[in-house]
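Engineer: sequence and computational prediction follow.
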Amino acid sequence: MKVRQVAHVVESTHPEAGSVGLMLRGLNDALQDRRIQCELVALQEHGGNGRARGGIDSVLKRADVVHLQGWGTTALERAAYVATEAGKPLVISPYGGLCDSSMNRPSVGERFLRWFRGPRVLRRASVITAINEFEKHALESHVPHGRAEVLPCGLRTSPFAARPDGSASTGRYESRAGASAAVGTDAMTPSDSAGITVLTSKSTEADAAVADVIEKLAPGRVALVLGPLHPAEGLVPLLMALAELGPVGDGWNMVLAGPEIGPWRRQLEAAVGRKGAADRVCFTTASNEPTQCAWLHRADVVLCPSLQPRCPVSLLQALCAGVPVIATHVVVPSGLEDCVRVCAPTRPELREALRAMFSLSDEERSERGNSARQAAVARIDWNAAAASYVALYERLFVERPR
């Protein structure tokens with residue numbers, strides 16, 4: 001017998017910058033191409049009443065395999081409990097949710113539920129996946145021996161495809177291929193035979209909104225962070241490293257585009273204002289794919305300075321867009337180390353990585369981004385990456401207790 005139905009459980013499918021939901025749609029499509037039916041359960045969208053919980057439970061119980069995309073919330077842990085009680089093979093992809101962090105302290109009630117239920121669920125999970133060897137090593141203290149495996153990360157690459165000319169950005173004056181160019185979205189029609197992307201109203205509006213933000217900054221190039229505004233993302237050491245660059249950092253602006261989690265954005269904005277850098281550091285949102293694409297095609301470099309593993313969707317997006325990437329080793333997916341400038345999640349290493357990237361000419365950065373894209377896209381695209389998921393699901397389905 002083969003796997004016929006997989007339930008993917010995620011906290012939310014909202015397409016915020018850095019969200020795992022941005023990856024799942026492509027994975028579901030790739031699995032359905034392999035005749036595996038996918039049901040996507042977004043816990044936040046279902047709410048917390050009894051009827052909604054009953055509907056979620058029925059989806060989990062009729063699936064052949066249950067795959068949790070994320071960890072660290074009571075709702076996800078409850079879904080894992082329901083799946084294991086029903087005897088379903090359970091895969092958990094925590095994306096850093098099982099890594100120790102003083103920045104992600106749960107409430108007292110959540111800590112009690114995790115103490116009561118979490119270890120039992122983790123012991124009964126079939127496999128707990130990691131994005132790289134660093135996370136796999138961190139998982140070994142939480143899961144039984146042999147249960148942690150590295151699983152590749154994928155993306156639907158076409159919406160973030162690089163500009164046809166691959167030209168470099170010059171900050172506020174011109175995007176990577178002209179201020180009026182647009183990139184793909186869910187609503188976008190396919191590219192024509194000449195490879196020129198068809199414009200949509202959504203992408204045009206996103207380009208205009210990004211241009212408005214750029215105009216508020218000092219003239220210069222753009223270093224982009226695309227993801228949640230949270231200390232665990234390494235924003236504090238990154239901003240400190242930027243301040244220490246000296247003349248090398250002249251002419252560079254920092255844009256932090258993503259959802260606010262807690263009061264961190266206000267605190268960071270206040271700190272930037274006190275340092276007199278408000279014209280060089282911008283905080284904004286990127287709550288949909290057109291806006292994320294527009295920022296990627298205005299950026300000269302994308303930064304992923306995370307202090308702990310997380311969903312690496314912004315890193316994958318940047319590689320697909322042909323933008324050079326600086327990332328800490330904790331967040332680089334296995335198999336993509338040669339496509340990014342890797343550094344440790346410390347201020348000195350971030351500073352030296354920024355210095356090296358900022359010292360390059362526009363042409364050198366553009367060439368580096370295009371080379372990385374050519375090396376990475378085939379590995380990232382779900383048409384290739386989904387094969388590992390199919391193999392994992394079928395193995396677990398065969399090995400499940402009868």
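Structural biologist: Ah, there it is. Numbers count the residues shown, from 1 in each chain.
Engineer: domain map for this structure?
Structural biologist: 5-154+383-399, 158-380 (automatic domain parsing).
Engineer: ranking the ones you listed by burial, who's on top?
Structural biologist: Among the domains of the chain, domain 158-380 has the highest mean neighbour count (mean count of other C-beta atoms under 10 Å), at a mean of 20. For glycine as for every other residue, the C-beta is placed from the backbone atoms N, C-alpha and C.
Engineer: so how far does that domain reach from one end to the other?
Structural biologist: Terminal residues of domain 158-380 are spaced 11 Å apart (C-alpha to C-alpha, to the nearest Å).
Engineer: returning to that earlier point: could you dump the domains of the chain to TSV with mean pLDDT?
Structural biologist: TSV is the format used below for the domains of the chain (pLDDT from 0 to 100):
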stretch	mean pLDDT
domain 5-154+383-399	85
domain 158-380	84
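Engineer: could I get the full set of helices for the stretch 101-250 of the chain?
Structural biologist: 108-124, 133-139, 201-215, 235-243 (DSSP state H, counting those that start in this stretch).
Engineer: so can I have CSV of the ones you listed showing distance to Thr157?
Structural biologist: Listed next are the helices of the stretch 101-250 of the chain as CSV, based on distance: least, C-beta to C-beta, whole Å:
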stretch, distance to Thr157
helix 108-124, 33
helix 133-139, 23
helix 201-215, 16
helix 235-243, 26
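Engineer: give me the element Arg379 is part of.
Structural biologist: helix 362-380 (DSSP states H and E).
Engineer: got the contact list for the spatially most central residue of the chain?
Structural biologist: By C-alpha atoms, centre = their mean, the mean C-alpha position of the chain lies nearest to Val313, the distance being 2.4 Å. Val313 makes contacts with Gly18, Ser19, Val20, Leu22, Met23, Cys153, Leu155, Gly227, as judged by C-beta atoms under 8 Å, 6 or more residues apart in numbering.
Engineer: now, which of those residues sits nearest Gly220?
Structural biologist: Checking those against Gly220 with C-beta to C-beta, the nearest one is Gly227 at 21.8 Å.
Engineer: need phi/psi at the spatially closest residue to Glu337 that is not a sequence neighbour.
Structural biologist: Counting by C-beta to C-beta, 6 or more residues apart in numbering, His329 is the residue found nearest to Glu337 once chain neighbours are left out, at 7.9 Å. Main-chain dihedrals, His329, degrees, to the nearest 10: phi -60, psi -20.
Engineer: now do Ala327
Structural biologist: Dihedral angles (degrees, to the nearest 10) for Ala327: phi -140, psi 150.
Engineer: next one: Gln292
Structural biologist: Taking degrees, to the nearest 10 as the convention, Gln292 sits at phi -60, psi -40.
Engineer: mind checking how far it is from Glu205?
Structural biologist: For Gln292, the distance to Glu205 (C-beta to C-beta, to the nearest Å) stands at 13 Å.
Engineer: any chance you could map the strands in the stretch 51-200 of the chain?
Structural biologist: 65-69, 90-93, 127-130, 148-150 (DSSP state E, counting those that start in this stretch).
Engineer: who touches the shortest one?
Structural biologist: Residues outside strand 148-150 that contact it (C-beta under 8 Å, 6+ apart): Val127, Ile128, Thr129, Ala130, Ile131, Asn132, Glu133, Lys136, Leu139, Glu140, Ser334, Leu392.
Engineer: swap the cut-off to 6 Å and go again
Structural biologist: Val127, Ile128, Thr129, Ala130, Lys136, Leu139, Ser334 (C-beta atoms under 6 Å, 6 or more residues apart in numbering).
Engineer: ok, stretch 395-402 next?
Structural biologist: Val3, Asp64, Val65, Pro89, Ser126.
Engineer: who's in contact with the residue lying closest to Ala80 once chain neighbours are set aside?
Structural biologist: Take Ala80 and drop its neighbours on the chain: the residue closest to it by C-beta to C-beta, 6+ apart is Val121, 4.5 Å away. Val121 sits next to Ala80, Tyr81, Thr84 when contact means C-beta under 6 Å, 6+ apart.
Engineer: if I look at Val121, how far off is Leu360?
Structural biologist: Following C-beta to C-beta, the distance that separates Val121 from Leu360 is 47 Å.
Engineer: same question, Leu350
Structural biologist: Distance from Leu350 to Leu360, by C-beta to C-beta: 16 Å.
Engineer: ok, now Pro237?
Structural biologist: 22 Å.
Engineer: try Glu260
Structural biologist: Distance from Glu260 to Leu360, by C-beta to C-beta: 32 Å.
Engineer: that older thread, could I get the strands of the stretch 51-200 of the chain as JSON lines with distance to Ala376?
Structural biologist: Shown next, in JSON lines, are the strands of the stretch 51-200 of the chain (distance: least, C-beta to C-beta, whole Å):
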{"stretch": "strand 65-69", "distance to Ala376": "22"}
{"stretch": "strand 90-93", "distance to Ala376": "20"}
{"stretch": "strand 127-130", "distance to Ala376": "19"}
{"stretch": "strand 148-150", "distance to Ala376": "17"}
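Engineer: and of the ones you listed, who's closest to Ala386?
Structural biologist: Comparing those under C-beta to C-beta, the one sitting nearest is strand 65-69, at 12.3 Å.
Engineer: how about the nearest residue to Ala218, chain neighbours excluded?
Structural biologist: The spatial neighbour of Ala218 that comes closest, neighbours along the chain excluded (C-beta to C-beta, 6+ apart), is Asp279 at 4.7 Å.
Engineer: in a helix, that's where that neighbour is, yeah?
Structural biologist: No. Using DSSP: H, G, I helix; E, B strand; the rest coil, the assignment for Asp279 is coil, not a helix.
Engineer: just checking, it touches Gly220?
Structural biologist: No. The pair Asp279 / Gly220 is not scored as a contact, 9.8 Å apart, by C-beta atoms under 6 Å.
Engineer: surely Tyr95 meets Gln308?
Structural biologist: No. The criterion here is C-beta under 6 Å, and Tyr95 misses it with Gln308 at 9.6 Å.
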